[in-house]
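Engineer: Just the structure for this:
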Amino acid sequence: MKGPVRSYRHMDNAVHLLLTKPLYPDTPLPGDEESGLSTGFRAIWKSMGLDPENPFGGLVSRGGTVVIKPNWVMDSNPVAAGLDCLITHSSIVLRVMEWAAKAMCGEGTVVIGDAPIQLCDFGKLLSASGMESVVRSVQSRYPGLKVAVEDWRLTLIDRSDGSHCGRAQTRQKYVEQIDERSARDYVLIDVGKDSFLEELSDFADRFRVTCYPPSLMGRHHGHGVHRYLVTRRVFGIDLMVNLPKMKTHAKAGFTGALKNIVGINGHKEYLPHHIYGSYEDGGDCYARPSALKSLYERLSDRFWEHNSGYGPLERASATLALGSLRRLVDSVCREKNVEGSWPGNEVLWRMVLDLNHILYFSSSSPKHILTIVDGIVAGEGEGPLRPRPKATGLLAVGRNPAYLDAVLARSMGYCIPRVPLVYHALYHRASRFCGPKLDDFSVSHVAADGTTRSVEFYNLPVFNLEKPHLWRRAEVPGLASRHG
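Structural biologist: Presented below is the predicted three-dimensional model:
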């Protein structure tokens, strides 16, 4: 299948922002009025001119299909900060499911899916997040509703030996019947010369994604060829609801509406994340040449290229050696980055925009796409996998992901021109998300009673989340927190 062909899609650039109580209900199930979630959402829908009791009524009808895309990156937080700042909270997923069920008169299909990192235990994630209870609750109240919770990954890490977060053996494996499932459940899409990556095709042989065989990347990206493997679930449907978690991200600066769409792709070896080598040597993994970092890159390439063929002892030894070398890099090098985790990454934002263009502008794109940002408890620090909680009470809703992300970035304290994903989504000549300059853009700040006031972009509330190590240079200097 070729890439985006829909020549025009009107983009509503409005962003509706509400600050509510910065806490979730004790349980994601109904009866949460103390948390303020229900009141807050009713106010947002009222401000958007939608029915507060049936906000999806004009977007999907009886017998329709709604796909929900939360941020389900991992089943645990290694810094012992809990799941609230790591993944989309299940109380918000619940509300979206209920709005969908009501709009479809209890008869239709709701799919909730994501492609977490390959180490994630999907069953554990559903249990720990309360999603199992949420699904049972919705199905008991809407017996005519078909609900599917899906893991869209095609590559996993075997954790049967007790490995966690790469500290022990890391054996990569594919899901069962992968070829059959790929053909049945996914669409191979070649964006071709329209890809944002085409400008960097001379470096395609050095495209990398962490923890995957480098040779597989070369099959899908090169001059005039840029392929993605996207779940069929997101095509030909009535409504897609994107539910990103507001948190920092070491490679992108932060994760929001745009970055969350990466989870519609099944194989991460289709997803270039950085270019091998230092910036001075033509890569974008880190700024200055480093013999130690170069050695780490070479050994990492070799480890993941031959991972599936290692025996247990060889794999354990290689994992230990690679981990020791990485710790040495972290202790010796002033800039610890070795995988493109800095604002100089030239690849990630291009891949993310490719996938967003596929979702929004293909001939079989969803009829409607709505994004609801969960920032009630945001994630700060070394996200996306090791965030710490930052209570903000922020909810943001909109249809244009670029302007939603601009609002999130500003609220987090970022300087927009230093966050490549947002800046290029707004201003790149090929981006279809372009609209007014941020100097001329205002946000609808929603009060609890549903009334709104227009707030200029540069006067938005600011929470100044702590940034990942090398993203602190992208902060707005001297920007004070303000929550009004």
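Engineer: Run through the residues that contact residue 218.
Structural biologist: Contacts here follow Cβ atoms under 8 Å, 6 or more residues apart in numbering; on that basis residue 218 touches 204-205, 207. Placement of C-beta: from N, CA and C, glycine included.
Engineer: Roughly how far does it sit from residue 211?
Structural biologist: 17 Å (Cβ to Cβ, to the nearest Å).
Engineer: for residue 38, same thing?
Structural biologist: 40 Å.
Engineer: residue ranges of the helices in the stretch 301-450 of the chain, please?
Structural biologist: Across the stretch 301-450 of the chain, reading from the start of the chain, the helices by DSSP state H, counting those that start in this stretch fall at 312-332, 348-361, 401-412, 420-427.
Engineer: For the ones you listed, give me a markdown table that also has mean neighbour count and distance to residue 385.
Structural biologist: Supplementary listing: the helices of the stretch 301-450 of the chain in a markdown table, determined by neighbours: other Cβ atoms under 10 Å; distance: least, Cβ to Cβ, whole Å:
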| stretch | mean neighbour count | distance to residue 385 |
| --- | --- | --- |
| helix 312-332 | 14 | 15 |
| helix 348-361 | 23 | 15 |
| helix 401-412 | 28 | 18 |
| helix 420-427 | 23 | 18 |
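Engineer: Now distance to residue 86 too, for those helices, in a markdown table please.
Structural biologist: Compiled in a markdown table, these are given as follows (distance: least, Cβ to Cβ, whole Å):
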| stretch | distance to residue 86 |
| --- | --- |
| helix 312-332 | 22 |
| helix 348-361 | 20 |
| helix 401-412 | 16 |
| helix 420-427 | 20 |
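Engineer: that older thread, what about burial for the contacts of residue 218, which qualify?
Structural biologist: 204, 207 (16 or more other Cβ atoms under 10 Å).
Engineer: In strands, which of the contacts of residue 218 appear?
Structural biologist: residue 207 (DSSP state E).
Engineer: mind giving me TSV with the contacts of residue 218 and columns for pLDDT?
Structural biologist: Conversion of those to TSV gives the following (pLDDT from 0 to 100):
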residue	pLDDT
204	98
205	97
207	98
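Engineer: which one of the contacts of residue 218 sits closest to residue 392?
Structural biologist: The shortest separation between residue 392 and any of the contacts of residue 218 is 35.2 Å, and it belongs to residue 207 (by Cβ to Cβ).
Engineer: does the closest one have beta-bridge partners, and which?
Structural biologist: residue 275 (DSSP bridges).
Engineer: Pull up the gap between it and residue 198, please.
Structural biologist: For residue 207, the distance to residue 198 under the criterion Cβ to Cβ works out to 12 Å.
Engineer: Give me the neighbour count for the nearest residue to residue 341 once chain neighbours are set aside.
Structural biologist: Here the nearest residue to residue 341 in space, its sequence neighbours aside, is residue 250; by Cβ to Cβ, 6 or more residues apart in numbering that works out to 3.8 Å. The number of residues packed near residue 250 is 23, by other Cβ atoms under 10 Å.
Engineer: my read: residue 250 touches residue 472, true?
Structural biologist: No - shown here, residue 250 and residue 472 do not form a contact pair, counting by Cβ atoms under 8 Å, at 11.9 Å.
Engineer: Give me the phi and psi angles of the nearest residue to residue 58 once chain neighbours are set aside.
Structural biologist: Nearest non-adjacent residue to residue 58, counting by Cβ to Cβ, 6+ apart: residue 50, 7.3 Å away. Backbone dihedrals for residue 50, given as degrees, to the nearest 10, come out at phi -100, psi 160.
Engineer: Good, we can wrap up now.
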